[in-house]
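Enquirer: model this:
(2 chains)
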Amino acid sequence: MNETLDAVFRREAGRCTATLIRVLGDIDLAEDAVAEAFAIAAEQWPQHGVPPNPGGWIVTTARNRAIDRLRREASRTDRYLAAHRLHADDMEPDHRRELDDLDAFVDVVADDQLRLMFLCCHPALAADAQVALTLRLLGGLDAPTIARAFLVPEATVAQRIVRAKRKLRDNHAAYRIPRAAELPDRLHAVLAAIYLIYTEGHTATSGETLTRVDLSSEAIRVGRVLAELMPDEPEAIGLLALMLLTEARRPARTDSEGAMIRLADQDRNRWDRSLIGEGHELVRACLRRNHPGAFQIQAAIAAVHADAPMADATDWTQIITLYDQLYALRPNPVVALNRAIAVAELHGPAAGLAALAALDTTTLADYQPYHAAHADLLARAGDRDGAVAAYDRAIELSSNPAERHFLRQQRVATADRRPSSP
Amino acid sequence: MPQYLLSVWHDDDYDLDFSSPEAQRQVAQVGEFNGELERAGAWVFGAGLHPASSATVVRSTGGDVSMTDGPYAETKEQMGGFWMIEAPDLDAALAWAGKAAAACEGPVEVRPAEG
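Expert: Predicted structure coming up:
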């Protein structure tokens, strides 16, 4: 029973909150109401059984409770009226009807989740606030859980969430899906926040283990909802594909001690084939649309890796082509760095080093992966001292213990190697 | 309808020579923007300000009023002008701010008014 309630909560809390923000016009009121409804469910469901439509039940119960409370507490009526600042003015007229029956609630919920995503990831909020608010309101995670996931003090996360909600309220942020003209920018902010949650879970910037499953799976869950709700946005599909294809490698990314294993050294039998299958299907769907974007191209690159039964069989020519496309869309030094790494795989370390030398190193000076890649290529080219120095810099810049451990091992292995004959 | 303060910020040594073609262009741009605000019914009030060095800060403590020369905050950036606008929501206010920033060729801060 408790398990069922937990499962319902994980699945429904975000959807219910999304709908109740629209119905009640206020984020805090909606959160309180949803929490109250789940408390009632915890009492009633064990006795009377789980209702056929648990999500609808929660929304109806939460709404009724919230309205009861507003009626009881006259002082809050003002707040309720004022709260309609978060107005949803993009709704179809027939969605404005009183939502009396459960089916009607559930019909509307889908759009509400999109509204909530765009609200949480409003560009007027800082990225860390967007991420915290998304996890809180859409993921139903509490501040302590989010704080643990990001290894920041609980008070910091709580304050981020409170401030973000207050800013949205004080600024009369609209609760709506952005119009066509604003959609590309606004959607980009949503995709970026989801990907930030995913990457934080994938390579935790700090913390003892390399991966934190909770954040990654939460990002994938939200990414799935977004892809479902915006099936005509290929970048939403591309982001989901990228996350699934990256996630597929998770079982092979660390050894039994939790130490990091490079892509080239991973046991590909341990990759999750069903995630790869799903990711490939999504990448193919994107290709058919022929409306490429940065996430789709990155997903395509991940798909090329997934296609190779062993590292040696990787189609690096294809990967370089994809990086060229990505660079045309996003001309930034990190993309150029990844392209240089692919060049080294195809044409050898000397060609890779030449490609690295062509990069704008001022912006990469504090970027750990640049120094790790540089060290690897120098070691492979036989420049032991240069490699050791580059590993030292990479180790200095790494904030992840598992990653740092890996870099130290590489450094030791390089330093122990006999200098190559001149 | 919600009201927002749009403020324009400059470096504190910013001093536009109004006879220059550059200033003339900006004045024309801002004039056009003001007209757009008025036609849309979004205009409440607005003004360009003299340089921050022309400011005086007045304090009242226990009935005594004292004055200091110069702006309240001795920061590198100072407010160069502002608008009070009416907009249905934040996104609309941000859209106006984008136009304001283009017109006066400087960053614009958006801040909601209480009430």
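Enquirer: where's the residue lying closest to A:G201 once chain neighbours are set aside relative to A:L263, distance?
Expert: In this structure, A:G201 finds its nearest non-sequential neighbour in A:L215, 2.9 Å apart by CB to CB, 6 or more residues apart in numbering or on different chains. Any C-beta I mention is one placed from the backbone N, CA and C, and that applies to glycine too. Separation of A:L215 from A:L263 (CB to CB, to the nearest Å): 21 Å.
Enquirer: Tell me which of those two has more neighbours.
Expert: Neighbours were counted for A:L215 and for A:L263 using other CB atoms under 10 Å in any protein chain shown; A:L215 has more, 25 against 13.
Enquirer: thought that one was touching A:R148?
Expert: No. Look at A:L215 against A:R148 with CB atoms under 8 Å: they stay out of range, at 10.2 Å.
Enquirer: picking that back up, for the residue nearest to A:G201, which residues are in contact?
Expert: By CB atoms under 8 Å, 6 or more residues apart in numbering or on different chains, the contact list for A:L215 reads A:L135, A:A149, A:I197, A:Y198, A:E200, A:G201.
Enquirer: and the nearest residue to A:P292 once chain neighbours are set aside, how many residues sit next to it?
Expert: Distance criterion CB to CB, 6+ apart; nearest residue to A:P292, sequence neighbours excluded, is A:Q325 at 6.6 Å. When neighbours are defined as other CB under 10 Å, A:Q325 has 17 of them.
Enquirer: do the same with A:P123
Expert: Other residues lying near A:P123 total 17 when counted by other CB under 10 Å.
Enquirer: Need the pLDDT of the nearest residue to A:L407 once chain neighbours are set aside.
Expert: Of all residues not flanking A:L407 in the chain, A:I395 sits nearest, at 4.8 Å (CB to CB, 6+ apart). On pLDDT, A:I395 comes in at 94.
Enquirer: cool, and A:E98?
Expert: Here the pLDDT value assigned to A:E98 is 45.
Enquirer: With A:A227 instead?
Expert: Model confidence at A:A227 (pLDDT) stands at 94.
Enquirer: quick one: what helix or strand has it in it?
Expert: Applying DSSP states H and E as the criterion places A:A227 in helix A:213-229.
Enquirer: For A:A402, give its distance to B:D15.
Expert: A:A402 is 55 Å from B:D15, by CB to CB.
Enquirer: These two: which has the busier surroundings?
Expert: Between A:A402 and B:D15, A:A402 has the larger neighbour count (other CB under 10 Å), namely 21 against 11.
Enquirer: Report the separation between the more buried one and A:H202.
Expert: 12 Å.
Enquirer: can I get the CA coordinates of stretch A:317-326 in PDB?
Expert: In PDB, the C-alpha atoms belonging to stretch A:317-326 read as follows (Å, rounded to 0.1, in the frame of the first residue of the first chain):
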ATOM      1  CA  THR A 317      34.200   9.900 -39.700                       C
ATOM      2  CA  GLN A 318      30.500  10.000 -39.000                       C
ATOM      3  CA  ILE A 319      31.100  11.500 -35.600                       C
ATOM      4  CA  ILE A 320      33.400  14.200 -37.000                       C
ATOM      5  CA  THR A 321      30.800  15.100 -39.500                       C
ATOM      6  CA  LEU A 322      28.200  15.400 -36.800                       C
ATOM      7  CA  TYR A 323      30.500  17.600 -34.700                       C
ATOM      8  CA  ASP A 324      31.000  19.800 -37.700                       C
ATOM      9  CA  GLN A 325      27.200  20.200 -37.900                       C
ATOM     10  CA  LEU A 326      27.000  20.900 -34.200                       C
END
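Enquirer: For the residue lying closest to A:L141 once chain neighbours are set aside, give me its contacts.
Expert: Closest residue in space to A:L141, ignoring its immediate chain neighbours: A:L135 at 4.8 Å, by CB to CB, 6+ apart. Counting by CB under 8 Å, 6+ apart, A:L135 touches A:L141, A:I146, A:A149, A:I197, A:L215, A:E218.
Enquirer: Need the three-state assignment for A:L135.
Expert: What DSSP: H, G, I helix; E, B strand; the rest coil gives for A:L135 is helix.
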